[in-house]
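Engineer: The sequence and its predicted three-dimensional model are supplied below.
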Amino acid sequence: MATRAPARQQKAQKAQKQGKTEIRQQKRKRDQEDLQKLEAAVADLDPKSTELKTFAELPLSQPTTSGLKASHFQTLTDVQQRAIPLGLKHSDILGAAKTGSGKTLAFLVPVLERLYRAQWTEFDGLGALIISPTRELAVQIFEVLRKIGRYHAFSAGLVIGGKSLKEEAERLSRMNILVCTPGRMLQHLDQTAGFDADNLQVLVLDEADRIMDMGFQSAVDALVEHLPKTRQTLMFSATQSKKVSDLARLSLKDPEYVSVHQDATSATPTNLQQHYITTPLPDKLDTLYGFIKSNLKSKIIVFLSSGKQVRFVYESFRHLQPGIPLLHLHGRQKQVARLEITSRFTAAKQSCLFATDVVARGIDFPAVDWVIQADCPEDVDTYIHRVGRTARYQSNGRAVLFLDPSEEAGMIKRLE
Ligand code: ADP
Ligand code: MG
(Lines give C-alpha, C1' and ligand atoms only; values in the text may rest on other atoms or scores of the structure.)
(Ligands and ions follow the chains in the order given, each with its own letter.)
Protein backbone atom coordinates (compact mmCIF):
# COMPACT_ATOMS: atom_id res chain seq x y z
CA MET A 1 0.00 0.00 0.00
CA ALA A 2 2.66 2.28 1.15
CA THR A 3 4.50 1.98 -2.10
CA ARG A 4 1.45 1.98 -4.31
CA ALA A 5 0.02 5.22 -3.11
CA PRO A 6 2.95 7.33 -4.25
CA ALA A 7 2.91 5.50 -7.58
CA ARG A 8 -0.71 6.36 -8.05
CA GLN A 9 -0.01 9.86 -7.01
CA GLN A 10 2.85 10.07 -9.45
CA LYS A 11 0.64 8.83 -12.21
CA ALA A 12 -2.02 11.36 -11.36
CA GLN A 13 0.58 14.11 -11.24
CA LYS A 14 1.96 13.05 -14.56
CA ALA A 15 -1.49 13.10 -16.11
CA GLN A 16 -2.12 16.50 -14.64
CA LYS A 17 1.16 17.78 -15.99
CA GLN A 18 0.35 16.38 -19.38
CA GLY A 19 -3.02 18.05 -19.24
CA LYS A 20 -1.40 21.36 -18.41
CA THR A 21 1.09 21.04 -21.23
CA GLU A 22 -1.76 20.28 -23.56
CA ILE A 23 -3.70 23.30 -22.40
CA ARG A 24 -0.62 25.42 -22.85
CA GLN A 25 -0.05 24.04 -26.31
CA GLN A 26 -3.64 24.67 -27.23
CA LYS A 27 -3.41 28.19 -25.98
CA ARG A 28 -0.24 28.79 -27.94
CA LYS A 29 -1.94 27.48 -31.03
CA ARG A 30 -4.92 29.74 -30.47
CA ASP A 31 -2.62 32.72 -29.93
CA GLN A 32 -0.81 31.93 -33.15
CA GLU A 33 -4.09 31.74 -35.02
CA ASP A 34 -5.26 35.02 -33.53
CA LEU A 35 -2.01 36.62 -34.52
CA GLN A 36 -2.33 35.35 -38.07
CA LYS A 37 -5.88 36.65 -38.24
CA LEU A 38 -4.69 40.02 -36.99
CA GLU A 39 -1.90 40.14 -39.57
CA ALA A 40 -4.38 39.25 -42.30
CA ALA A 41 -6.79 41.97 -41.15
CA VAL A 42 -3.99 44.54 -41.21
CA ALA A 43 -2.97 43.41 -44.67
CA ASP A 44 -6.57 43.87 -45.81
CA LEU A 45 -6.86 47.29 -44.27
CA ASP A 46 -7.14 50.15 -46.73
CA PRO A 47 -5.18 52.99 -45.14
CA LYS A 48 -6.91 55.57 -47.34
CA SER A 49 -10.39 54.53 -46.33
CA THR A 50 -12.40 57.25 -44.67
CA GLU A 51 -14.99 54.81 -43.39
CA LEU A 52 -13.27 54.03 -40.12
CA LYS A 53 -14.87 55.83 -37.23
CA THR A 54 -13.98 53.92 -34.08
CA PHE A 55 -11.05 52.07 -32.55
CA ALA A 56 -13.22 48.96 -32.54
CA GLU A 57 -13.23 48.93 -36.35
CA LEU A 58 -9.44 48.82 -36.53
CA PRO A 59 -7.51 45.56 -36.58
CA LEU A 60 -5.99 45.86 -33.10
CA SER A 61 -4.75 43.31 -30.60
CA GLN A 62 -6.89 42.32 -27.63
CA PRO A 63 -4.65 44.07 -25.06
CA THR A 64 -4.71 47.36 -26.97
CA THR A 65 -8.46 47.14 -27.57
CA SER A 66 -9.06 46.53 -23.87
CA GLY A 67 -6.65 49.29 -22.83
CA LEU A 68 -8.39 51.81 -25.08
CA LYS A 69 -11.78 50.75 -23.84
CA ALA A 70 -10.73 50.98 -20.19
CA SER A 71 -9.39 54.48 -20.90
CA HIS A 72 -12.72 55.41 -22.50
CA PHE A 73 -11.39 56.03 -26.00
CA GLN A 74 -13.92 55.08 -28.61
CA THR A 75 -14.24 57.41 -31.56
CA LEU A 76 -11.19 58.16 -33.67
CA THR A 77 -10.11 61.76 -34.10
CA ASP A 78 -9.22 62.86 -37.66
CA VAL A 79 -5.50 62.47 -37.25
CA GLN A 80 -5.95 59.07 -35.61
CA GLN A 81 -8.23 57.93 -38.40
CA ARG A 82 -5.64 58.84 -41.00
CA ALA A 83 -2.41 57.97 -39.21
CA ILE A 84 -3.15 54.77 -37.30
CA PRO A 85 -3.92 52.58 -40.36
CA LEU A 86 -0.71 53.78 -42.02
CA GLY A 87 1.19 53.19 -38.81
CA LEU A 88 -0.23 49.68 -38.48
CA LYS A 89 1.01 48.96 -41.99
CA HIS A 90 4.50 50.03 -40.93
CA SER A 91 4.64 53.20 -43.05
CA ASP A 92 6.82 56.09 -42.07
CA ILE A 93 4.66 59.09 -41.22
CA LEU A 94 5.09 62.85 -41.14
CA GLY A 95 2.00 64.00 -39.33
CA ALA A 96 0.72 67.50 -38.71
CA ALA A 97 -2.45 68.22 -36.81
CA LYS A 98 -3.55 71.02 -34.56
CA THR A 99 -2.91 70.83 -30.86
CA GLY A 100 -5.42 68.80 -28.95
CA SER A 101 -6.31 66.66 -31.93
CA GLY A 102 -5.11 63.40 -30.43
CA LYS A 103 -1.66 62.91 -31.90
CA THR A 104 -0.41 60.93 -28.90
CA LEU A 105 -2.64 57.94 -29.59
CA ALA A 106 -1.93 58.31 -33.30
CA PHE A 107 1.60 57.09 -32.59
CA LEU A 108 1.18 55.06 -29.38
CA VAL A 109 -1.34 52.65 -30.87
CA PRO A 110 0.92 51.74 -33.83
CA VAL A 111 3.88 51.37 -31.44
CA LEU A 112 2.05 48.90 -29.19
CA GLU A 113 0.69 46.99 -32.14
CA ARG A 114 4.02 46.74 -33.88
CA LEU A 115 5.66 45.17 -30.85
CA TYR A 116 2.69 42.98 -30.08
CA ARG A 117 2.58 41.57 -33.58
CA ALA A 118 6.33 40.97 -33.46
CA GLN A 119 5.68 39.06 -30.22
CA TRP A 120 8.21 41.23 -28.50
CA THR A 121 9.47 39.97 -25.15
CA GLU A 122 11.78 41.20 -22.46
CA PHE A 123 14.66 39.42 -24.18
CA ASP A 124 14.27 41.42 -27.36
CA GLY A 125 15.43 44.67 -25.79
CA LEU A 126 14.44 48.12 -26.92
CA GLY A 127 11.67 47.97 -29.49
CA ALA A 128 10.39 51.54 -29.57
CA LEU A 129 11.89 54.90 -28.72
CA ILE A 130 9.72 57.99 -28.31
CA ILE A 131 11.47 61.34 -28.24
CA SER A 132 9.90 64.44 -26.71
CA PRO A 133 11.35 67.95 -26.56
CA THR A 134 10.53 68.47 -22.88
CA ARG A 135 10.46 66.39 -19.74
CA GLU A 136 6.89 67.40 -18.98
CA LEU A 137 5.64 66.19 -22.33
CA ALA A 138 7.65 62.97 -21.97
CA VAL A 139 5.94 62.30 -18.64
CA GLN A 140 2.58 62.94 -20.20
CA ILE A 141 3.21 60.59 -23.12
CA PHE A 142 4.42 57.97 -20.67
CA GLU A 143 1.23 58.26 -18.65
CA VAL A 144 -0.96 57.79 -21.71
CA LEU A 145 1.20 54.81 -22.68
CA ARG A 146 0.74 53.28 -19.26
CA LYS A 147 -3.00 53.80 -19.48
CA ILE A 148 -3.68 52.30 -22.88
CA GLY A 149 -0.85 49.77 -22.60
CA ARG A 150 -1.91 48.39 -19.25
CA TYR A 151 -2.88 44.95 -20.60
CA HIS A 152 0.34 44.48 -22.54
CA ALA A 153 3.31 42.70 -21.01
CA PHE A 154 5.91 45.20 -22.31
CA SER A 155 8.18 47.07 -19.98
CA ALA A 156 8.30 50.80 -20.46
CA GLY A 157 10.48 53.52 -18.96
CA LEU A 158 11.14 57.23 -18.89
CA VAL A 159 14.58 58.64 -19.62
CA ILE A 160 14.48 62.32 -18.83
CA GLY A 161 17.31 62.90 -16.43
CA GLY A 162 16.74 64.02 -12.88
CA LYS A 163 18.05 60.69 -11.59
CA SER A 164 21.66 59.61 -11.68
CA LEU A 165 22.80 58.22 -14.98
CA LYS A 166 23.78 55.01 -13.21
CA GLU A 167 20.38 54.54 -11.61
CA GLU A 168 18.65 55.06 -14.94
CA ALA A 169 21.16 52.84 -16.72
CA GLU A 170 20.42 49.83 -14.55
CA ARG A 171 16.81 49.68 -15.61
CA LEU A 172 17.42 50.65 -19.18
CA SER A 173 18.51 47.36 -20.66
CA ARG A 174 15.27 45.75 -19.53
CA MET A 175 12.99 48.23 -21.27
CA ASN A 176 10.97 47.54 -24.41
CA ILE A 177 9.60 51.05 -24.84
CA LEU A 178 11.33 54.23 -23.76
CA VAL A 179 10.02 57.77 -23.67
CA CYS A 180 12.92 60.20 -23.52
CA THR A 181 14.32 63.65 -24.05
CA PRO A 182 17.05 63.74 -26.72
CA GLY A 183 20.06 64.84 -24.70
CA ARG A 184 19.62 62.33 -21.93
CA MET A 185 18.99 59.45 -24.28
CA LEU A 186 22.12 60.24 -26.21
CA GLN A 187 24.15 60.21 -23.01
CA HIS A 188 23.00 56.65 -22.37
CA LEU A 189 23.62 55.42 -25.88
CA ASP A 190 27.11 56.87 -25.72
CA GLN A 191 27.98 55.80 -22.21
CA THR A 192 25.86 52.97 -20.90
CA ALA A 193 27.59 49.67 -21.46
CA GLY A 194 25.39 46.80 -22.50
CA PHE A 195 22.62 49.05 -23.74
CA ASP A 196 21.99 49.34 -27.42
CA ALA A 197 19.15 50.03 -29.80
CA ASP A 198 20.17 47.58 -32.50
CA ASN A 199 16.79 45.90 -32.48
CA LEU A 200 14.69 49.04 -32.56
CA GLN A 201 11.46 48.73 -34.58
CA VAL A 202 9.91 52.17 -34.23
CA LEU A 203 11.24 55.66 -33.62
CA VAL A 204 8.76 58.40 -32.73
CA LEU A 205 9.42 62.13 -32.59
CA ASP A 206 6.61 64.04 -30.92
CA GLU A 207 6.51 67.82 -31.40
CA ALA A 208 9.17 67.19 -34.01
CA ASP A 209 9.53 70.81 -35.08
CA ARG A 210 9.96 71.81 -31.48
CA ILE A 211 12.69 69.23 -30.94
CA MET A 212 14.58 70.92 -33.74
CA ASP A 213 13.76 74.49 -32.60
CA MET A 214 15.11 73.81 -29.19
CA GLY A 215 18.53 73.13 -30.56
CA PHE A 216 18.38 69.37 -30.30
CA GLN A 217 19.32 68.87 -33.97
CA SER A 218 22.77 67.54 -33.30
CA ALA A 219 21.60 65.35 -30.43
CA VAL A 220 18.92 63.84 -32.66
CA ASP A 221 21.39 63.35 -35.52
CA ALA A 222 23.75 61.57 -33.17
CA LEU A 223 20.91 59.51 -31.69
CA VAL A 224 19.84 58.34 -35.11
CA GLU A 225 23.40 57.14 -35.72
CA HIS A 226 22.82 54.57 -33.00
CA LEU A 227 19.59 53.28 -34.51
CA PRO A 228 19.12 50.63 -37.16
CA LYS A 229 18.19 51.92 -40.62
CA THR A 230 15.41 49.40 -41.08
CA ARG A 231 13.09 50.93 -38.54
CA GLN A 232 9.75 52.67 -38.84
CA THR A 233 9.81 56.40 -38.11
CA LEU A 234 6.79 58.42 -37.01
CA MET A 235 7.00 62.19 -36.65
CA PHE A 236 4.27 64.44 -35.34
CA SER A 237 3.92 68.19 -34.99
CA ALA A 238 1.17 70.75 -34.68
CA THR A 239 2.48 72.69 -37.60
CA GLN A 240 4.02 71.21 -40.68
CA SER A 241 6.81 73.66 -41.08
CA LYS A 242 9.61 73.44 -43.59
CA LYS A 243 11.86 72.43 -40.76
CA VAL A 244 9.88 69.28 -40.25
CA SER A 245 10.54 68.22 -43.78
CA ASP A 246 14.22 68.92 -43.16
CA LEU A 247 13.93 65.98 -40.90
CA ALA A 248 13.97 63.88 -44.00
CA ARG A 249 17.55 63.52 -42.94
CA LEU A 250 16.17 61.16 -40.34
CA SER A 251 16.07 58.86 -43.35
CA LEU A 252 12.33 58.46 -43.61
CA LYS A 253 11.34 56.00 -46.27
CA ASP A 254 8.60 57.26 -48.62
CA PRO A 255 6.90 58.96 -45.72
CA GLU A 256 3.16 59.41 -45.79
CA TYR A 257 2.19 63.02 -45.16
CA VAL A 258 -0.76 63.18 -42.86
CA SER A 259 -2.00 66.71 -42.49
CA VAL A 260 -5.45 67.38 -41.12
CA HIS A 261 -5.49 71.12 -41.60
CA GLN A 262 -4.46 73.25 -44.51
CA ASP A 263 -2.92 76.37 -43.02
CA ALA A 264 -2.01 78.14 -39.84
CA THR A 265 -5.38 79.87 -39.51
CA SER A 266 -7.29 76.67 -39.15
CA ALA A 267 -4.56 75.25 -36.97
CA THR A 268 -6.35 76.51 -33.88
CA PRO A 269 -9.21 74.46 -32.49
CA THR A 270 -12.63 75.56 -33.69
CA ASN A 271 -14.21 75.58 -30.25
CA LEU A 272 -11.71 78.19 -29.18
CA GLN A 273 -12.75 81.79 -28.72
CA GLN A 274 -9.89 84.15 -29.35
CA HIS A 275 -9.73 87.66 -27.95
CA TYR A 276 -7.17 90.36 -27.60
CA ILE A 277 -6.82 93.33 -25.29
CA THR A 278 -4.79 96.37 -26.13
CA THR A 279 -3.01 97.55 -23.07
CA PRO A 280 -0.05 99.91 -22.88
CA LEU A 281 3.03 98.30 -21.38
CA PRO A 282 2.97 100.16 -18.02
CA ASP A 283 -0.62 99.00 -17.39
CA LYS A 284 -0.10 95.42 -18.40
CA LEU A 285 0.32 93.95 -14.93
CA ASP A 286 -2.68 95.87 -13.60
CA THR A 287 -4.79 94.61 -16.46
CA LEU A 288 -3.56 91.07 -15.85
CA TYR A 289 -4.26 91.29 -12.13
CA GLY A 290 -7.74 92.65 -12.82
CA PHE A 291 -8.37 89.84 -15.24
CA ILE A 292 -7.34 87.18 -12.74
CA LYS A 293 -9.42 88.79 -9.98
CA SER A 294 -12.50 88.67 -12.16
CA ASN A 295 -11.97 85.01 -13.07
CA LEU A 296 -11.24 83.40 -9.73
CA LYS A 297 -13.35 80.36 -10.48
CA SER A 298 -11.31 79.35 -13.49
CA LYS A 299 -8.21 77.55 -14.56
CA ILE A 300 -5.85 79.99 -16.21
CA ILE A 301 -2.44 79.77 -17.85
CA VAL A 302 -0.53 83.01 -18.28
CA PHE A 303 2.35 82.91 -20.74
CA LEU A 304 5.28 85.22 -20.20
CA SER A 305 8.39 85.61 -22.27
CA SER A 306 11.10 84.58 -19.82
CA GLY A 307 11.73 82.70 -16.61
CA LYS A 308 12.62 85.97 -14.96
CA GLN A 309 9.29 87.51 -15.93
CA VAL A 310 7.47 84.43 -14.65
CA ARG A 311 9.17 84.63 -11.27
CA PHE A 312 8.61 88.37 -11.03
CA VAL A 313 4.90 88.27 -11.82
CA TYR A 314 4.34 85.19 -9.68
CA GLU A 315 6.06 86.71 -6.65
CA SER A 316 4.32 90.08 -7.02
CA PHE A 317 0.87 88.59 -7.39
CA ARG A 318 1.41 86.12 -4.60
CA HIS A 319 1.90 88.95 -2.12
CA LEU A 320 -1.34 90.53 -3.32
CA GLN A 321 -3.23 87.31 -2.52
CA PRO A 322 -5.75 87.42 -5.34
CA GLY A 323 -7.85 84.53 -3.97
CA ILE A 324 -6.90 81.81 -6.43
CA PRO A 325 -4.01 79.36 -6.04
CA LEU A 326 -1.02 80.60 -8.01
CA LEU A 327 1.64 78.36 -9.54
CA HIS A 328 4.66 79.03 -11.68
CA LEU A 329 6.65 76.97 -14.12
CA HIS A 330 9.81 77.73 -16.05
CA GLY A 331 12.85 75.94 -17.41
CA ARG A 332 15.16 76.86 -14.55
CA GLN A 333 13.24 74.92 -11.94
CA LYS A 334 14.41 71.49 -10.83
CA GLN A 335 12.69 68.71 -12.66
CA VAL A 336 10.98 67.35 -9.55
CA ALA A 337 9.48 70.77 -8.88
CA ARG A 338 8.35 71.12 -12.47
CA LEU A 339 6.63 67.75 -12.47
CA GLU A 340 4.99 68.45 -9.14
CA ILE A 341 3.64 71.78 -10.37
CA THR A 342 2.46 70.25 -13.63
CA SER A 343 0.49 67.60 -11.77
CA ARG A 344 -0.89 70.07 -9.25
CA PHE A 345 -2.14 72.29 -12.03
CA THR A 346 -3.58 69.28 -13.83
CA ALA A 347 -5.52 68.25 -10.73
CA ALA A 348 -6.64 71.77 -9.77
CA LYS A 349 -10.16 73.02 -10.48
CA GLN A 350 -9.21 76.64 -9.97
CA SER A 351 -5.68 77.83 -10.38
CA CYS A 352 -3.56 80.32 -12.23
CA LEU A 353 -0.27 79.12 -13.67
CA PHE A 354 2.41 81.53 -14.86
CA ALA A 355 4.63 79.84 -17.38
CA THR A 356 7.21 80.17 -20.10
CA ASP A 357 6.94 78.34 -23.40
CA VAL A 358 8.49 75.27 -21.79
CA VAL A 359 4.95 74.18 -21.11
CA ALA A 360 3.46 75.64 -24.24
CA ARG A 361 4.11 72.61 -26.36
CA GLY A 362 2.18 69.44 -26.32
CA ILE A 363 1.21 69.28 -22.68
CA ASP A 364 -2.40 68.45 -22.15
CA PHE A 365 -3.86 70.16 -19.09
CA PRO A 366 -7.47 69.11 -18.84
CA ALA A 367 -10.10 71.84 -18.76
CA VAL A 368 -8.10 75.04 -18.99
CA ASP A 369 -10.57 77.93 -19.28
CA TRP A 370 -8.25 80.75 -20.22
CA VAL A 371 -4.92 81.04 -21.94
CA ILE A 372 -3.48 84.50 -21.49
CA GLN A 373 -0.52 85.65 -23.48
CA ALA A 374 0.64 88.55 -21.40
CA ASP A 375 3.74 88.85 -23.51
CA CYS A 376 3.24 88.83 -27.22
CA PRO A 377 4.34 85.48 -28.75
CA GLU A 378 7.41 85.61 -30.95
CA ASP A 379 5.65 84.18 -33.94
CA VAL A 380 2.40 82.72 -35.15
CA ASP A 381 3.51 79.15 -34.43
CA THR A 382 4.14 79.94 -30.80
CA TYR A 383 0.72 81.60 -30.63
CA ILE A 384 -0.94 78.48 -31.98
CA HIS A 385 0.88 76.23 -29.56
CA ARG A 386 0.09 78.44 -26.60
CA VAL A 387 -3.61 78.73 -27.30
CA GLY A 388 -3.56 75.01 -27.96
CA ARG A 389 -3.38 74.51 -24.19
CA THR A 390 -7.09 75.26 -24.05
CA ALA A 391 -10.07 73.99 -26.06
CA ARG A 392 -8.42 70.55 -26.18
CA TYR A 393 -10.47 67.83 -27.74
CA GLN A 394 -14.10 68.96 -27.62
CA SER A 395 -13.88 71.17 -24.56
CA ASN A 396 -14.38 74.90 -24.80
CA GLY A 397 -11.66 77.38 -24.15
CA ARG A 398 -10.88 81.03 -24.46
CA ALA A 399 -7.65 82.76 -25.26
CA VAL A 400 -6.64 86.34 -24.62
CA LEU A 401 -3.67 88.08 -26.12
CA PHE A 402 -2.32 91.23 -24.48
CA LEU A 403 -0.95 93.66 -27.02
CA ASP A 404 0.79 96.94 -26.67
CA PRO A 405 -0.91 99.53 -28.93
CA SER A 406 2.28 99.56 -30.99
CA GLU A 407 2.06 95.81 -31.56
CA GLU A 408 -1.63 95.73 -32.34
CA ALA A 409 -1.80 96.31 -36.08
CA GLY A 410 1.15 94.08 -37.00
CA MET A 411 0.32 91.13 -34.81
CA ILE A 412 -3.37 90.99 -35.63
CA LYS A 413 -2.59 91.02 -39.32
CA ARG A 414 -0.13 88.17 -38.91
CA LEU A 415 -2.50 86.09 -36.84
CA GLU A 416 -5.32 86.49 -39.32
P1 ADP B 1 -2.15 66.54 -29.41
O2 ADP B 1 -0.92 65.74 -29.13
O3 ADP B 1 -2.62 66.43 -30.82
O4 ADP B 1 -2.03 67.96 -28.97
P5 ADP B 1 -3.31 64.83 -27.37
O6 ADP B 1 -2.87 63.52 -27.88
O7 ADP B 1 -2.54 65.41 -26.23
O8 ADP B 1 -3.35 65.90 -28.55
O9 ADP B 1 -4.87 64.71 -27.02
C10 ADP B 1 -5.61 65.81 -26.57
C11 ADP B 1 -6.74 65.36 -25.66
O12 ADP B 1 -7.70 64.63 -26.39
C13 ADP B 1 -6.31 64.46 -24.54
O14 ADP B 1 -6.96 64.86 -23.36
C15 ADP B 1 -6.76 63.08 -24.96
O16 ADP B 1 -7.06 62.26 -23.85
C17 ADP B 1 -7.99 63.39 -25.77
N18 ADP B 1 -8.22 62.39 -26.83
C19 ADP B 1 -7.32 61.96 -27.75
N20 ADP B 1 -7.86 61.08 -28.59
C21 ADP B 1 -9.14 60.91 -28.21
C22 ADP B 1 -10.23 60.10 -28.69
N23 ADP B 1 -10.09 59.30 -29.74
N24 ADP B 1 -11.40 60.19 -28.03
C25 ADP B 1 -11.54 61.02 -26.97
N26 ADP B 1 -10.57 61.80 -26.46
C27 ADP B 1 -9.37 61.76 -27.08
MG1 MG C 1 0.89 66.16 -28.39
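Structural biologist: That came through, no problem. Ligands and ions are numbered 1, 2, ... in the order given.
Engineer: mind checking which helix or strand of the chain has the lowest mean pLDDT?
Structural biologist: Counting by mean pLDDT, DSSP states H and E, the chain has its least confident helix or strand at helix 242-246, which shows a mean of 56.
Engineer: quick one: the strands in the stretch 301-416 of the chain?
Structural biologist: 326-329, 351-355, 370-373, 397-403 (DSSP state E, counting those that start in this stretch).
Engineer: and those strands as JSON lines, adding mean pLDDT and distance to ligand 2?
Structural biologist: Yep, even glycine has a C-beta here, placed from its N, CA and C like the rest. Shown next, in JSON lines, are the strands of the stretch 301-416 of the chain (pLDDT from 0 to 100; distance: least, C-beta to the ion, whole Å):
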{"stretch": "strand 326-329", "mean pLDDT": "94", "distance to ligand 2": "17"}
{"stretch": "strand 351-355", "mean pLDDT": "94", "distance to ligand 2": "17"}
{"stretch": "strand 370-373", "mean pLDDT": "84", "distance to ligand 2": "16"}
{"stretch": "strand 397-403", "mean pLDDT": "75", "distance to ligand 2": "16"}
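Engineer: Save these as JSON lines, and put in distance to ligand 1 too.
Structural biologist: What follows is the strands of the stretch 301-416 of the chain, written out as JSON lines (distance: least, C-beta to the nearest ligand atom, whole Å):
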{"stretch": "strand 326-329", "distance to ligand 1": "18"}
{"stretch": "strand 351-355", "distance to ligand 1": "17"}
{"stretch": "strand 370-373", "distance to ligand 1": "14"}
{"stretch": "strand 397-403", "distance to ligand 1": "12"}
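Engineer: Including distance to Gly290 and mean neighbour count, could these go into TSV?
Structural biologist: Shown next, in TSV, are the strands of the stretch 301-416 of the chain (distance: least, C-beta to C-beta, whole Å; neighbours: other C-beta atoms under 10 Å):
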stretch	distance to Gly290	mean neighbour count
strand 326-329	15	20
strand 351-355	13	24
strand 370-373	12	23
strand 397-403	12	22
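Engineer: low pLDDT regions in the stretch 101-250 of the chain?
Structural biologist: Flagging of the stretch 101-250 of the chain using pLDDT under 70 yields the residue ranges 214, 240-249.
Engineer: which stretches of it form helices?
Structural biologist: Remark: helices assigned in the stretch 101-250 of the chain by DSSP state H, counting those that start in this stretch are 103-117, 135-148, 165-172, 182-191, 208-211, 217-225, 242-246.
Engineer: Minimum distance to ligand 2: which of those helices has it?
Structural biologist: Of all those, helix 103-117 sits nearest to ligand 2, with 4.6 Å by C-beta to the ion.
Engineer: so who does the residue most central in space within the chain touch?
Structural biologist: The residue lying closest to the centre of the chain (C-alpha atoms, centre = their mean) is Ile141, at 3.6 Å. By C-beta atoms under 8 Å, 6 or more residues apart in numbering, Ile141 lies in contact with 104, 108, 130, 132, 179, 206.
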